[in-house]
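S.K.: build me a model:
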Amino acid sequence: MNVLNLTTNKNHSFFKNQIESLKEHGIETEVLVVPGEHSEDDGKVTNRSVTDYLRYYPMVRREVSEGYDLLHANFGYTVPFALLQNKLPVVVTLWGTDLMGDKGYVSEICSRFADEVIVPSPIMGNFLSCEYTVIPFGVDTELFKPIDQR
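M.R.: Numbering: from 1, shown residues only. Okay, the predicted model is just below:
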C-alpha cells in the first residue's frame, strides 16, 4: 500500500511516530506539508496565510496522480484539499485544536465526507456529527517510563 499523508506540521513527535510505524508495517508513505510557516516563538504565533493554503491545492492534485492507494489528511485544515480530489479514498486524523479550536467547524463539516475519521480521544467525538474511530496517539515507552519519584 502506498499512502499520501497531508499535514500542516511533519515535526510533531506523534506524527513522526505514526509515519515510522506505517513504514515498519510495509506501508509506503509520502508526506506533503502545507507551504508556509506556522511557528510559536516566545508566545508569538505565525500562521500560514490564505495564499499558502491556496498554493497547497495544486500540490495535492499533482501528487494524487502519482499512484497512491489512499490519501490520509492529518490535521483538519488539510481535509478540504483531500476531499477536492476524487481519485483516492480519504482517511482523516484529527489532532485536537483542528476540531475543538476556533476554526473547528471546518474540520467538523469536512469530516462528514471522508471515508474514515480517526480521533485520538473519545471526548473529541462530542465535536463530530459523523462516525469516527478512536485510535490514541502512541507513547514511546522507551522515552516515557516510570521512574523513581525522588
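S.K.: contacts only, for residue 121.
M.R.: Neighbouring residues of residue 121 by CB atoms under 8 Å, 6 or more residues apart in numbering: 96, 134, 136. Every residue, glycine included, has its C-beta placed from N, CA and C.
S.K.: 7 Å - rerun?
M.R.: By CB atoms under 7 Å, 6 or more residues apart in numbering, the residues touching residue 121 are 134, 136.
S.K.: how about residue 31?
M.R.: So residue 31 contacts 5, 7, 10, 19 (CB under 7 Å, 6+ apart).
S.K.: same check on residue 127?
M.R.: So residue 127 contacts 99-100, 104, 108 (CB under 7 Å, 6+ apart).
S.K.: need the single longest helix in the chain, by residues.
M.R.: helix 50-64 (DSSP state H).
S.K.: neighbouring strands - and their directions - for the next helix or strand after that one?
M.R.: Where DSSP states H and E defines the elements, the next helix or strand beyond helix 50-64 is strand 70-74. In the sheet, strand 70-74 lines up against strand 2-7 (parallel), strand 90-93 (parallel) (DSSP bridges).
S.K.: what would those look like in a markdown table with mean neighbour count, mean pLDDT and distance to residue 47?
M.R.: Formatted as a markdown table, the strands paired with strand 70-74 follow (neighbours: other CB atoms under 10 Å; pLDDT from 0 to 100; distance: least, CB to CB, whole Å):
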| stretch | mean neighbour count | mean pLDDT | distance to residue 47 |
| --- | --- | --- | --- |
| strand 2-7 | 20 | 92 | 15 |
| strand 90-93 | 24 | 96 | 21 |
